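Student: sequence unknown, structure follows:
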């Protein structure tokens, strides 16, 4: 048989020439509207996940700090760094070498606010190399410090990209831009945020906080000394009078039950004493 006849026989067994299947490998011969699960997961661009273009509204996170003034901004910075230092010292476990933030985290926070942040606009977008140069830390130390600060709510950031003027098919279309760092302090733990506000408010705020703390302690002490039959009025007298009356009745019942139990225990104790000493009972009679 000739070559053409042999090829025809091979085709009759279901074989497909390699030239007919190679265009379909990797989706080269796919129709424009076809879905591709692989390209939906990855763009194959040299950028990090969850990155937004610098012009995207989700990347517009900068806000003025402390009204935009330099003096107020520096005070705001000092109090935030002080809060971070206190948080790290307070929550450091016994025997541990570092606290939850660490000295490197406190220094990175101070560097971001002092040398990389514009208080007027809130713009803070240094590269990792810039932070390394200012702090003299290694890259891993800076990255870990930023992660700890973010974990505890002291900073946050958005990954960004920028477009490149490459023709389609001639190289990457986007490039990674530096992160946009911002300070959303409402993500701080409740007591830490309150402490920051106290420090920022000055002596007056600290005195007011101390006064409220003393008032709460005095109220708790008074509640502990209150009779159960009056506890409902003390707790909910002004907010819910009906609930206060119900709690008062419940407290009175508990108080009466306790008095009855105490009386029974005293009678039982006297009876046991008399049983153990019958001679003393006869003498008394």
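Tutor: Happy to help now that I have it. Because the structure is a prediction, the values reported are computed rather than measured. Residues are numbered from 1 along each chain as shown.
Student: quick one, domains of the chain?
Tutor: 52-188, 196-269 (automatic domain parsing).
Student: Now do the end-to-end distance for the first one.
Tutor: When you say that, I think you mean domain 52-188. 25 Å (CA to CA, to the nearest Å).
Student: mean confidence for that domain?
Tutor: Taken as a whole, domain 52-188 carries a mean pLDDT of 92.
Student: need the strands for the chain, in chain order.
Tutor: All strands of the chain, identified by DSSP state E, fall at 51-53, 156-163, 174-182.
Student: right, and those - which one's nearest residue 132?
Tutor: Among the strands of the chain, strand 174-182 comes nearest to residue 132, with 12.9 Å by CB to CB. Glycine gets a C-beta too; all of them are placed from N, C-alpha and C.
Student: Other residues contacting that closest one?
Tutor: 45-48, 51, 53-54, 59, 61-63, 112, 116-117, 122, 124-127, 155-164 (CB atoms under 8 Å, 6 or more residues apart in numbering).
Student: repeat that with 7 Å
Tutor: 45-48, 51, 54, 59, 61-63, 112, 122, 124-127, 155-164 (CB atoms under 7 Å, 6 or more residues apart in numbering).
Student: Stretch 158-169 now?
Tutor: With CB under 7 Å, 6+ apart, stretch 158-169 has contacts from 47-48, 50-54, 58-59, 61, 172-177, 179-180.
Student: Go again with 8 Å.
Tutor: With CB under 8 Å, 6+ apart, stretch 158-169 has contacts from 45, 47-54, 58-59, 61, 171-180, 182.
Student: Mind checking which of those are buried?
Tutor: Buried subset of these (neighbour count, 16 or more other CB atoms under 10 Å): 47, 51-52, 54, 59, 61, 173-174, 177-180, 182.
Student: show me what contacts the nearest residue to residue 132 once chain neighbours are set aside?
Tutor: Nearest-residue entry for residue 132: residue 142, 5.5 Å, with adjacent residues in sequence omitted and distances by CB to CB, 6 or more residues apart in numbering. Taking CB under 8 Å, 6+ apart, we find residue 142 in contact with 104, 108, 128, 131-132, 135.
Student: Now with 7 Å, please.
Tutor: 108, 128, 131-132, 135.
Student: Which of those residues fall within helices?
Tutor: Counting by DSSP state H, these place 108, 128, 131-132, 135 in helices.
Student: quick check, nearest of those to residue 78?
Tutor: residue 108 (15.8 Å).
Student: Next one: the closest one from residue 84, what distance?
Tutor: Going from residue 108 to residue 84 by CB to CB, to the nearest Å gives 10 Å.
Student: same question, residue 133
Tutor: Counting by CB to CB, the gap from residue 133 to residue 84 is 22 Å.
Student: which of these two has more neighbours?
Tutor: Per other CB atoms under 10 Å, whichever of residue 133 and residue 84 has more neighbours is residue 84, with 26 against 13.
Student: give the contact list for that one.
Tutor: 101, 106, 109, 154.
Student: picking up where we left off before, closest one of the contacts of residue 142 to residue 260?
Tutor: Nearest to residue 260 among the contacts of residue 142, with distances taken as CB to CB, is residue 108, at 65.9 Å.
Student: Next up, the contacts around that closest one.
Tutor: Here residue 108 is in contact with 131, 135, 142, 145-146, 149 (CB under 7 Å, 6+ apart).
Student: Those: which two are farthest apart?
Tutor: 135 and 149 (12.9 Å).
Student: Neighbour count: the two, which is higher?
Tutor: residue 149 (25 against 18).
Student: If you drop the residues flanking it in sequence, what lies closest to the more buried one?
Tutor: Of all residues not flanking residue 149 in the chain, residue 155 sits nearest, at 4.7 Å (CB to CB, 6+ apart).
Student: my guess is that neighbour meets residue 183, correct?
Tutor: Yes. With contacts counted by CB atoms under 7 Å, residue 155 reaches residue 183, the gap being 6.0 Å.
Student: Next, please give the residue ranges for the helices of the stretch 101-250 of the chain.
Tutor: 102-115, 128-135, 139-151, 190-201, 203-225, 228-236, 241-276 (DSSP state H, counting those that start in this stretch).
Student: buried residues in the fourth one?
Tutor: Within helix 190-201, the residues that qualify as buried are 192, 195-196, 198-200, counting by 16+ other CB under 10 Å.
Student: and what of the third one?
Tutor: By neighbour count, and taking 16+ other CB under 10 Å as the criterion, the buried residues in helix 139-151 are 141-142, 144-146, 148-149.
Student: All set now, cheers.
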